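Asks: Any chance you could fold what I've pasted below:
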Amino acid sequence: MRRSATLLAWLALAVGLLQMLLGMMVVFASGWAMPLFLAMILLPVLPLILTQQVRPWPKPPPIVPVVAAVVSMAVSGLVYWMFYYLAD
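Replies: Alright, predicted model coming up:
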């Protein structure tokens, strides 16, 4: 399960790279929506962070990074859909 969690975390990062780039391009021009774009930038990296061991906190069970990776990929798909249909 840990290998699949790590694989899904890297897959979420690969899917979200364009999302991170688009978020970085508009973050300073977004005004009040800046926290939303910052969350969009950090969301693809979150599953990788959850797979790491941090000294003061115990490592979460493998299902936590899997769920975070699936949510990250779903949000990336929604962002790409929004840019495709709204930018038309």
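
Asks: what's next to stretch 63-82, contact-wise?
Replies: Applying CB atoms under 8 Å, 6 or more residues apart in numbering, the contact partners of stretch 63-82 are 1, 4-6, 8-9, 11-12, 15-16, 18-19, 22, 40, 43-44, 46-48, 50-51. C-beta: built from backbone N, CA, C; applies to glycine.

Asks: Drop anything exposed from these.
Replies: Neighbour counting by 16 or more other CB atoms under 10 Å classes 5-6, 8-9, 11-12, 15-16, 19, 22, 40, 43-44, 46-48, 50-51 among the contacts of stretch 63-82 as buried.

Asks: For Val15, give me its contacts.
Replies: 44, 72-73, 76-77.

Asks: would you turn those residues into CSV with secondary structure and pLDDT?
Replies: Formatted as CSV, the contacts of Val15 follow (DSSP: H, G, I helix; E, B strand; the rest coil; pLDDT from 0 to 100):
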residue, secondary structure, pLDDT
Pro44, helix, 90
Ser72, helix, 92
Met73, helix, 93
Ser76, helix, 91
Gly77, helix, 91
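
Asks: No more questions from me, cheers.
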